[in-house]
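A predicted structure for the sequence below; I have some questions about it.
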Amino acid sequence: MVHGDEMAYRTFYGAYFDRLSRYLLVVTAGDEEAAREALQSALVRVVRHIRVFPSDAVFWSWLTVLARSALSDQRRKRRRYLAFLDRFTWHARLEQAVPDDPEADGKLAGLLESSMETLPADERRLLEAKYFARRSVREVAEEFDLSEKAVESRLGRIRHKLRSAILEGLRRG
């Protein structure tokens with residue numbers, strides 16, 4: 001298999017496919033679909049990373065590590081996908097649940113404006129350059145003679161200040 005011999009792969013497949021399949025079925029607590037997907041991924045990894053092993057026990061240990069890591073990668077990928085779907089549907093539900101409210105929008109705009117006025121002039125100019133003039137971080141960094149990282153950090157701190165001020169304004173009514 002190390003040299004790409006198809007007959008060697010067939011021999012490996014015949015000797016280890018069922019055993020690895022049963023192993024993954026146990027590890028997944030009977031989840032056949034997850035076991036099948038992990039098995040396919042593990043077999044691809046075997047082909048990519050095969051090497052000579054001193055004994056069958058060492059080879060089997062290596063196979064089980066590949067299989068478990070394939071399963072972990074699949075579970076992580078599935079969690080990320082489900083989290084994405086959850087965020088996506090949350091935003092869709094939020095858009096449906098919150099109708100346009102010109103009064104609320106006006107209040108938020110007023111709070112933003114009054115909060116911006118309380119900021120020091122350099123922070124206000126930084127926000128205006130980035131968000132109102134819609135310049136890139138690179139352009140803002142060049143204009144203010146700062147590094148891009150410094151601009152991003154400052155913008156983060158300023159946004160936090162604004163958010164806190166707006167939330168406080170909303171609490172006060």
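Yes, it's here.

what is the subsequent helix or strand relative to the longest helix seen in the chain?
If you go by DSSP state H, the chain has its longest helix at helix 56-97. The helix or strand immediately downstream of helix 56-97 is helix 102-118, counting by DSSP states H and E.

pLDDT score assigned to the residue nearest the centre of the chain?
Closest residue to the average C-alpha location of the chain: Arg80 at 6.2 Å, with C-alpha atoms, centre = their mean. Looking at Arg80, its pLDDT is 92.

distance of it from His3?
As judged by C-beta to C-beta, to the nearest Å, Arg80 and His3 stand 37 Å apart. C-beta coordinates here come from the backbone N, C-alpha and C atoms, glycine included.

now swap in Glu113 and tell me
Glu113 is 71 Å from His3, by C-beta to C-beta.

with Val27 instead?
Counting by C-beta to C-beta, the gap from Val27 to His3 is 31 Å.

those two - which one has more neighbours?
Using other C-beta atoms under 10 Å, the more surrounded residue of Val27 and His3 is Val27, with 16 against 6.

I'd say that one and Ala67 touch.
Yes - Val27 lies in contact with Ala67 (C-beta atoms under 8 Å); the separation is 7.4 Å.

what's the closest non-adjacent residue to Leu108?
Ile166 (7.0 Å; C-beta to C-beta, 6 or more residues apart in numbering).

how many neighbours does the one you found have?
Neighbour count for Ile166, taken as other C-beta under 10 Å: 17.

which residues does Leu43 contact?
By C-beta atoms under 8 Å, 6 or more residues apart in numbering, the contact set of Leu43 is 13, 17.

change it to 10 Å
Contacts for Leu43 were tallied using C-beta atoms under 10 Å, 6 or more residues apart in numbering; they are 9, 12-13, 16-17, 20, 63, 66-67, 70.
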